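S.K.: Fold the stuff below for me.
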Amino acid sequence: MKEGPHAVDVHVGKTIRIKRLMRKVSQTELGDRVGVTFQQIQKYEKGSNRVSASMLVEIAGALDVDVRSFFEDFTQANDNPTPSEEFVVSRDGVLLNAAFLSIKNEQVRKKIVKLVQAIAGMDQLDVDFE
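M.R.: Numbers count the residues shown, from 1 in each chain. The predicted model follows:
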């Protein structure tokens, strides 16, 4: 009896989604680039279909990333993501992060963080930007 997707497949799929969205590539466009349907890309991203090694190399090439990047930050503890981890890999989370990172002015980024914290009613956290 199958117990669901393996944690590695889920992690790789989420990473494909993040990298695809950060590059503003649709599932259809990625599918066209690697020779599969957008439905197959959806299944890869959900972890419901395992990505073969050769397909992962194709996807890495299509997204112009190192194939090893799909395995960064993987730990077996990723089985039960927290709500904040789920947001980070959601479409809104990825797009928000990409937009925020495109702001070059460090002072503007700090002010945005303070504004969002104030709106959320959070205590001001000491945030260091590199």
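S.K.: Quick check: closest non-adjacent residue to Ala62.
M.R.: Spatially, and ignoring its direct neighbours in sequence, Ala62 is nearest to Arg33 (3.8 Å; CB to CB, 6 or more residues apart in numbering). Backbone N, C-alpha and C define where each C-beta goes, glycine included.
S.K.: neighbours of that neighbour, just the number please.
M.R.: For Arg33, the neighbour count with other CB atoms under 10 Å is 15.
S.K.: Look at it and tell me its secondary structure.
M.R.: Per DSSP: H, G, I helix; E, B strand; the rest coil, the local secondary structure of Arg33 is helix.
S.K.: Contact partners for it?
M.R.: By CB atoms under 8 Å, 6 or more residues apart in numbering, Arg33 lies in contact with Val25, Glu58, Ala62.
S.K.: And those residues, which is closest to Asn97?
M.R.: For the contacts of Arg33, the minimum distance to Asn97 (CB to CB) is 16.1 Å, reached by Val25.
S.K.: what's the burial count for the closest one?
M.R.: Val25: 18 neighbours (other CB under 10 Å).
S.K.: I'd like the distance between it and Val94.
M.R.: From Val25 over to Val94 the distance is 12 Å, taken as CB to CB, to the nearest Å.
S.K.: one step back: now, among the contacts of Arg33, which is nearest to Phe100?
M.R.: Nearest to Phe100, judged by CB to CB, of the contacts of Arg33 is Val25 at 19.6 Å.
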